[in-house]
Structures are given as structure tokens and as C-alpha cells.
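Student: Kindly generate the corresponding structure for this input.
(chains A and B)
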Amino acid sequence: MPKIVMAPTVVVTLVCIYGYMIWTAILSFTNSRMLPTYKFVGIDQYERLFNNDRWIVALTNLGVFGGLFILICLFLGVMLAIFLDQKIRAEGAIRTIYLYPMAISFIVTGTAWKWLLNPTNGFEKLMIDLGFENFKFDWLINPDMVVYCLVIAAVWQASGFVMALFLAGLRGVDGDLIKAAHLDGASTFTTYRRIILPSLKPVFFSALVILSHIAIKSFDLVAALTNGGPGYSSDLPANFMYAHTFTRSQIGLGSASAMVMLGCVLAILVPYLYSELRGKRHE
Amino acid sequence: MKKIALGLTSVALSLAAAHSQAGEVEVLHWWTSGGEAAAINVLKEEMVETGHTWKDFAVAGGGGESAMTVLKSRAIAGNPPSAAQIKGPTIQEWGDLGFLTNLDDVAEEGDWDVILPGVVSEVMKYDGHYVAAPVNVHRVNWMWANPEVFRKAGAAIPTTWDQFITEAKKIKAAGFTPLAHGGQAWQDATLFEAIALSKGSRFYNSAFIALSDTTLRSQDMIDVFDTFKQMREFVDPGFSGRDWNIATSMVINGEAAMQIMGDWAKGEFTAAGKKAGIDYVCYPAPGTSGTFTFNIDSLAMFTVDGSDQQEAQKDLARLILEPKFQETFNLNKGSIPARLNMPREKFDTCAHSSMDAFLASSTTGDLVPSMAHGMAVNSMIQGAIFDVVTNFFNDDSMTSQEAVDKLARAIKASM
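Tutor: Residues are numbered from 1 along each chain as shown, chains lettered A, B, ... in the order given. The predicted structure is shown next:
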């Protein structure tokens, strides 16, 4: 009976996730343009991909954006969690405020930050109106800095979520352990650094996996905040894939870029799963 | 006498019978905004009057991207609509895949070869046969200006790009934004192609249709990039990612002096209650007065099953080219009719000047397809040009020589 109940789900999963993954892999070795064709051309599409300036920009952006986004989110998340853990008043309200951005989609985040960061009517104008006449904050239209705008908006959105994860972890730490440490004369800082945070390693890894896959699949944030511009200086791989597959009739090239993105996700996921599963066996 | 009358009646009846053979057309399009929706509704009403059923298949958003994605999946599933809003070289791509139907008999009956300029009918044909019907012609190389701003700044309307730069400096000094622009790839390309066209239609055709490597690397092309780069200092700092209609509203409000944009911008002026020739003026983009960059919307006809459906499809194609539809549609859309020699009393002065230029340029060879709007090259090459152009406009460090090299290489790689 359970087998029958599960069957449709299994079929849907197999076809819609693994089936399409394999289909995309196949297409990435063909010269498909507007519609899928099955004329195989070897690794031509991958060669074209890595000879494409725009793809290199997208990959570099992913490195900068992903790296900063993950590091800043983890740092802010841990800090916020520790502060909230000090038995302060109105903790519930503050926690909700920090967590709320996660409830908003990246499209809304992107649109809101697009207004805030726009030099003619956002933050820069506010500062100038306040009397700082030489104030300049034009990252959104500066091709060298625009990728940091993506980081700002994404961190704003996700760090509250990381905080919630760590807060749950902190609450799970055995209180006796902390008391014992204090009795032994350890300062609060040392207790956190040497005892509490190391015991939160699983939380840390969960957060890392979630954040990195958010970074790699980021599409809507770019679409709403910068639309890849100025020029294509804030493109991420997902935006490159969409543009080439759907607007430029280059299904083969788009599939190849999708496969590279899948590779990035696997590069993070496989070591994580490996360590998780191995850990289980030891227990 | 009675016999003749009877004969005529029976002929009329049989004609009516032929037409009352009701079929259904399903039309995929993305004319969903106010004026556009009203424009396509005219066709719908005419089809219903003829006795057919109209199944609207409107997919909004993304400048037709979402519609194209839906169309592809329908085509793969073997169930394409009767007609779809496809234009330019994309018609050829669908023709290559064997999805389009032959409209030669409708075209012959309606004298399409005579009423359409050669350049237009060429776009509507695949392999020498008509497969699509044009609904309108947009002129892309337009400049929209606010005369009030010019008066206040003491500047004159420019007719060349050199003059544009001189006048724009005056306007900037007077505290206005000289050029209203939206920093989106297609808008950058629209401005770029207007500058390229000022080098003449022969240069334009050689660069964007023949894709000649020599032309792409020529001194003229370097000059085009130089002029294009200078435009960067005449736009305001908030231009990045701005939509075209927001840029138009800057001209309407008197914040900015000019905008280089196709004639769909007229809709914004009309909607704001402005009068052509008084509140705003329209001129050809500097240096392009004798030339005409066209962007033609068309409905391509797919192969459908069933004689009723085929009959309805032929009626649809026939009605599109009839003067009544061409007039009403284009009055609503801001464009001009695709067929020549139409009554023109109802159109405004900008449309008249567009019609004159269309007629004149169609005989001199100065009627050229718009690269920025997907009429000249396929989407891959267009994308490659967009990438170089938009990147150059935003990157202070890239020289025109580098841009020309990149352009030539990018185009070669996408051919």
C-alpha cells in the first residue's frame, strides 16, 4: 500500500528532476537553437561558452557575490543570534523583525532596493537633501561596483534567516555546559568561541549549503534590481542561461551553462552529503 | 432583367455561403496594453463579422519572450495556433523548421506585391512565398523634443550629430538633461543604430545586414562608437535600467530636451494630453532625415488542420491587409499602415511625415530594417551586438577601437 501511495511522487520526481536534468545534459552536446534538435557537436557549446565574455563576467560575479553573500550572512547571522540570546526584553518582536525579510520574495527585495540605491531618487538624494552636498553613492550605475549592490540586498534578505537557524542551535546547547564553563572561570566571549560555537557545526553546514544554493540559483534578484546592467556587468549565470535559452534561441549554449551551474551546486553538495552520511555511520 | 437580378442574388448568396463556412482562428500575440489591445480588437470584430470565431491567445510580459516560449512548446506538441505575432528574421527561422503555411493565393487576390513596398514584402516571405501578413510599420529613427526646454536653453533642434553635441552642451549648461535615455540594452542599441544610420544606408546595410567584416572594422564604425560614447555625458545619472516610457515622461515634463525612440513614444505624449507640433515636436534622428529604420509587426500563419480552420486563417490574412484594419489599428498603435496609398486624413503630422519618408525611402533604397528591434539579424547576432554596444556605453575604459574589434569578433562567433 505505501508503495502505491508513493509511486506518483516517485515518478514525478524521477521525470521532472532527474529526467529533465539528463535531457538538459544531452541538449548541451547538440547544436540546438530555437527548438531542441539532436545533432551532436561534442563539447562545442562548452568551448563557445568559455570563449564568451559575458559568461566569464557572470561566473566572476557569482564568485564575488556568492563569497561575500555567504560570509557576511554567516557573520551577521551569528552575531545577531548571540545578541538575541542574552535574554533581552522584547526578543520575540526583534526576532520577527529580523526574520521578516525572508518572507518577502527576491523580486520585491530587488525592486525596493532599486529605489533606495538609485542615485536620483534614493539614498544619495536623501543625503544631499539633508545637506551633505558632495555625498555620492552611485554603485547601482557603476559597472565596477554594481555587484556589491546585489550583495547588500541579498544580505538584507537572508541574514535574519541565518540568525534564526543559529538561535535555534544556541537554545539547544546544554545549559549545564555553559554554567560549568563559567564556574571554571571562562569569560562569556571564550565560552562562545571555544564551547558553544564549535558545538553548532551542523547548523553552520546547513546554513552554508542553503546560502550557497541561494547564491547559485539567484535570478530574480538580478532581474528586479539591475536587470544585469549597467551593460551586462551584474549578470549571474542564471540570467545568462535564461537570456540565451529563451530570448536568443541558443538552447544548446544555454543548456551548457545550466550544466556548469549544476556542477557548482554538486561541488558543494557532494562533500556535504558525504560528511553527513559518514558521520551517521560512526554514531 | 429579372434573370440577371436572380443570377446576381444567387452569386451573392453563394459568396455569403462560402464565407459563412465558420472556422476558428487562434491568434497568439502580446498586444495587451491599452492602445494595443484596442487595436487588435478591431481585427477580432471583423473576423466575427465574417462569421468566424476568434480565440484570443494573449501572453503578456517580457517583450514577447513569454509568448515565444509558449509558442515553442505548442509547436513542439504539434498544436500551434493559427497565427502568431512573429517578425523579422524569426519568420525565416520558423519557416526553416517547416511550421508556416503558404498564403500566396490570398496575396495574389489582394495584390500584396503591388500594395506593399518590396522591402516589406521580402520580410513577409519565406523561400519566395508569403507566410506572414504585416500589420504596421514603426519608424525607429525618431527624435522627440520638448520645444519649451529648447527655448529656455536658447538651443536649436539639431540635424546632425555634431550639432547635437553642441546644442546638448548648451542645454546641459541651462540645467536640463539633454537626452532622456533608459539604460537597457535595446535602448542603447536604438540610439547606437540611429548614429550608425547617419553614416548612410549603404554603410548601415553593409554593417548590420551583410555583416561585412571590413565595414565593421572601418574608420566609420570607430567614428560611430566615438559619437555614441559622447552621448554618455548627456544622460542623467539615474538612466541605468530605466524603462523607455519613463524616459519619455522626462521629455513630457520638461526635465529633458530630447529622446531618440521609435514612434510608439507618441502614445505616451498622446496619453499625457500633449499636441504634436505644439507641446512636443518630432524630427528624424540627427543625420537620418532621408532614411527610415523600420520595425514591422506581423502575424505569421502556421499550418493548421481542417478546411474550416484554413478558410478562417485565409480570411484573417486578407482582413489584415484591408485598408479599414490598417487604418484603425495604426491610429491606435501610433504607427503607420504597412500598405502604401492609404487615406491619411485621420493621422497626425508625425505620422504624415513618417508616411512621406516611408514612401520616399522605399524607392531610393534608404528604407532599412532596424537592428535593435530584431528586423535585420537573427536573435543570436542581435544579442551579440547588444552585448558589445551596451557594455561599451557603460564602461569608461573601453576605447572605440577595442569596441570595434569586439563587435567584429562577437558577430563572427555567432554566425
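Student: where does chain A have its least confident helix or strand?
Tutor: helix A:2-13 (a mean of 77; mean pLDDT, DSSP states H and E).
Student: how much distance is there from that helix to the middle of the chain?
Tutor: For helix A:2-13, the gap between its own C-alpha mean and the chain's C-alpha mean amounts to 31 Å (CA atoms, centre = their mean, to the nearest Å).
Student: Could you point out the helix or strand that follows it?
Tutor: Downstream of helix A:2-13, the next assigned helix or strand under DSSP states H and E is helix A:20-27.
Student: Low-confidence ranges, the chain, go.
Tutor: By default, I'm working from chain A. Low-confidence segments of chain A (pLDDT under 70): A:1-2, A:4-5, A:279-283.
Student: that's the wrong chain, I meant chain B
Tutor: Counting by pLDDT under 70, the low-confidence segments of chain B come to B:1-21, B:61-63.
Student: now do 80
Tutor: Counting by pLDDT under 80, chain B shows low-confidence ranges at B:1-22, B:33-36, B:60-65, B:341, B:415.
Student: What residues does it have near chain A?
Tutor: Contacts of chain B with chain A, taken as CB under 8 Å from any CB of the partner chain, map to B:65, B:68-69, B:72, B:75-76, B:93-94, B:97, B:183-185, B:236-241, B:378-380, B:382-383, B:387, B:390-395, B:406, B:413. In short, each C-beta sits where N, CA and C put it, glycine included.
Student: Among the residues you listed, which are located in strands?
Tutor: Judged by DSSP state E, these include no members of strands.
Student: Of those, just the buried ones, ChimeraX syntax please.
Tutor: The buried subset of these, as determined by 16 or more other CB atoms under 10 Å in any protein chain shown, is captured in ChimeraX by this line:
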select /B:68,72,75,93,94,183,184,185,236,238,239,240,241,378,379,380,382,383,387,390,391,392,393,394,395,406
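Student: Neighbours of residue 152, how many?
Tutor: I'll assume chain A. Using other CB atoms under 10 Å in any protein chain shown, A:Ile152 has 17 neighbouring residues.
Student: The intended chain is chain B.
Tutor: As a burial measure, B:Lys152 scores 15 neighbours (other CB under 10 Å).
Student: Looks like it contacts B:Asn146 (just checking).
Tutor: No: contact criterion CB atoms under 8 Å: B:Lys152 and B:Asn146 do not qualify, at 9.5 Å.
Student: Leaving out chain neighbours, which residue sits closest to A:His182?
Tutor: Among residues not flanking A:His182 along the chain, A:Thr191 sits closest, at 6.9 Å (CB to CB, 6 or more residues apart in numbering or on different chains).
Student: ok, now how distant is the one you found from chain B?
Tutor: Using CB to the nearest CB, to the nearest Å, one obtains 48 Å as the distance from A:Thr191 to chain B.
Student: how many neighbours does that residue have?
Tutor: Residues near A:Thr191, counting by other CB under 10 Å, number 19.
Student: residue ranges of the helices in the stretch 51-200 of chain A, please?
Tutor: In the stretch 51-200 of chain A, helices defined by DSSP state H, counting those that start in this stretch lie at A:53-84, A:91-99, A:106-117, A:123-129, A:146-172, A:175-183, A:188-190, listed in chain order.
Student: Now do the helices in the stretch 201-350 of chain B.
Tutor: Going by DSSP H, counting those that start in this stretch, the stretch 201-350 of chain B shows helices at B:201-208, B:213-216, B:219-231, B:244-253, B:265-271, B:307-320, B:323-333, B:349-364.
Student: From the helices of the stretch 51-200 of chain A, pick the one with the highest average neighbour count.
Tutor: With neighbours taken as mean count of other CB atoms under 10 Å in any protein chain shown, those reach their highest mean count in helix A:146-172, at a mean of 21.
Student: Determine the angle, from 0 to 180 degrees, between that helix and helix A:53-84.
Tutor: Inter-element angle recorded for helix A:146-172 and helix A:53-84: 30 degrees (by axes from the mean of the first three to the mean of the last three CA atoms, to 10 degrees).
Student: how far off helix A:91-99 does helix A:146-172 point, in degrees?
Tutor: 150 degrees.
Student: Could you check which residue of the stretch 1-150 of chain A lies nearest chain B?
Tutor: Using CB to the nearest CB, the single residue of the stretch 1-150 of chain A nearest to chain B is A:Thr120, 3.3 Å away.
Student: which residues touch that residue?
Tutor: A:Thr120 makes contacts with B:236-238, as judged by CB atoms under 8 Å, 6 or more residues apart in numbering or on different chains.
Student: what's around A:Leu262, how many residues?
Tutor: 15.
Student: Do I have it right that it meets A:Met21?
Tutor: Yes: assessed by CB under 8 Å, A:Leu262 is found in contact with A:Met21 at 7.0 Å.
Student: contacting residues for A:Gly169?
Tutor: Taking CB under 8 Å, 6+ apart as the test, what A:Gly169 contacts is A:81, A:200, A:202-203.
Student: let's see it at 7 Å
Tutor: With CB atoms under 7 Å, 6 or more residues apart in numbering or on different chains as the criterion, the residues that contact A:Gly169 are A:200, A:203.
Student: That one and A:Lys201, how far apart?
Tutor: Distance of A:Gly169 to A:Lys201, computed by CB to CB, to the nearest Å: 9 Å.
Student: and the stretch 151-283 of chain A, which residues reach chain B?
Tutor: If contacts are counted using CB under 7 Å from any CB of the partner chain, the residues of the stretch 151-283 of chain A sitting beside chain B are A:226-227, A:229-233, A:246-250.
Student: Would you point out the most distant pair within those?
Tutor: Comparing all pairs in those by CB to CB, the longest separation belongs to A:Pro230 and A:Ser249, at 25.1 Å.
Student: I appreciate the help and will end here.
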